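Trainee: Need the 3D shape of this:
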Amino acid sequence: MQSTMLIAVCSLLIYAVVVSGQDEEFQCPERTGFYPDPYQCDLYYSCTQGKAETKLCPDGLVFSDKSSNHEHCDIPLNVECGDRTELQEPKPTKGCPRANGFYRHSDPEVCDKFYNCIDGVANEMPCPPGLIYDDMKCAWPAESKRKCENSKRDLLADGFSCPNGETVGPNGRALPHPTFPHPEDCRKFYICRNGVDPQYGSCVEGEVYNEETFKCDEPESVPGCENYYEGKEIGKKSKKN
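Mentor: Model (predicted):
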């Protein structure tokens, strides 16, 4: 997995707004095509037979000038605006600073989710496990300028959530998917996928979880769990001391 992951963007059918009829100031470079405004990134011109019609991308999107043969508005992450720094007045709604685009969650403590705004409707989306939303993209916390130590984490039904920070294994290296003991059952344990996504785990029959090695082990090797299978049916046999 790359250290920084960009948000996958679904294809959207974009309808531009006609700002005016024929623009008398803009000079079409070619008789036919779509051309950016030199100052405003979400403003562009449709040229037909040498006559320019002014158009405006939906709020939150900007005009992509990669090809004059295509009329395409996209999120700012995918477009290099350069000197075209001006934008139309925003049309904010609840959760959406602009009508379209990706934005931080309204709860500042929720760093691993974001809003995908489409026509002013905020759709809550998750980042991949282990990543946080860092303005237009999901990124690893260490590579983000955003501080999210208090980010809310998912809870399992019994209240377990993955702890903050790295978990170092027996070899002294951080574990990518650390495991943790169950407080009441020697055979059960928890798995934290990518360090943040909690799941239940269980050892195979006859073994118990060893929190020293982060693996399942023989009961005799785990203090406090030596007699876990005493009197319990293991396959067709009952284990005795």
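Trainee: Could you list the low-confidence segments of the chain?
Mentor: Scanning the chain for pLDDT under 70 picks out the ranges 1-24, 149-153, 235-241.
Trainee: quick one, domains of it?
Mentor: 17-78, 92-143, 153-241 (automatic domain parsing).
Trainee: Now do the phi/psi pair for P170.
Mentor: Main-chain dihedrals, P170, degrees, to the nearest 10: phi -60, psi -30.
Trainee: for P36, that is, sorry about that
Mentor: Note on P36: its backbone torsions stand at phi -80, psi 150 [degrees, to the nearest 10].
Trainee: Around the closest residue to it other than its chain neighbours, how many other residues sit close by?
Mentor: In space, and not counting its chain neighbours, P36 is closest to D65: 4.3 Å by C-beta to C-beta, 6 or more residues apart in numbering. Yep, even glycine has a C-beta here, placed from its N, CA and C like the rest. Residues within reach of D65, counting by other C-beta atoms under 10 Å, total 19.
Trainee: and D65, what does it touch?
Mentor: D65 is in contact with 34-36, 44, 79, counting by C-beta atoms under 8 Å, 6 or more residues apart in numbering.
Trainee: Just put these in a markdown table and tack on distance to Q27, secondary structure and neighbour count.
Mentor: What follows is the contacts of D65, written out as a markdown table (distance: C-beta to C-beta, whole Å; DSSP: H, G, I helix; E, B strand; the rest coil; neighbours: other C-beta atoms under 10 Å):
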| residue | distance to Q27 | secondary structure | neighbour count |
| --- | --- | --- | --- |
| F34 | 15 | strand | 20 |
| Y35 | 10 | strand | 18 |
| P36 | 13 | strand | 20 |
| Y44 | 14 | strand | 27 |
| V79 | 23 | coil | 21 |
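Trainee: which one of the residues you listed is nearest H105?
Mentor: Nearest to H105 among the contacts of D65 is V79, at 23.8 Å by C-beta to C-beta.
Trainee: How much space separates the closest one from S46?
Mentor: Separation of V79 from S46 (C-beta to C-beta, to the nearest Å): 18 Å.
Trainee: and if you look at Y229?
Mentor: Distance from Y229 to S46, by C-beta to C-beta: 76 Å.
Trainee: How about C96?
Mentor: On the measure of C-beta to C-beta, C96 and S46 end up 27 Å apart.
Trainee: about what we covered before: Serialize the domains of the chain to TSV and add fields for distance to R84.
Mentor: Below are these laid out as TSV (distance: least, C-beta to C-beta, whole Å):
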stretch	distance to R84
domain 17-78	4
domain 92-143	16
domain 153-241	38
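Trainee: Quick one: closest of the ones you listed to E86.
Mentor: Nearest of the domains of the chain to E86, taken as C-beta to C-beta: domain 17-78 at 4.1 Å.
Trainee: now the closest one, how far from the centre of its chain.
Mentor: Distance of domain 17-78 from its chain centroid, counting by C-alpha atoms, centre = their mean, to the nearest Å, is 31 Å.
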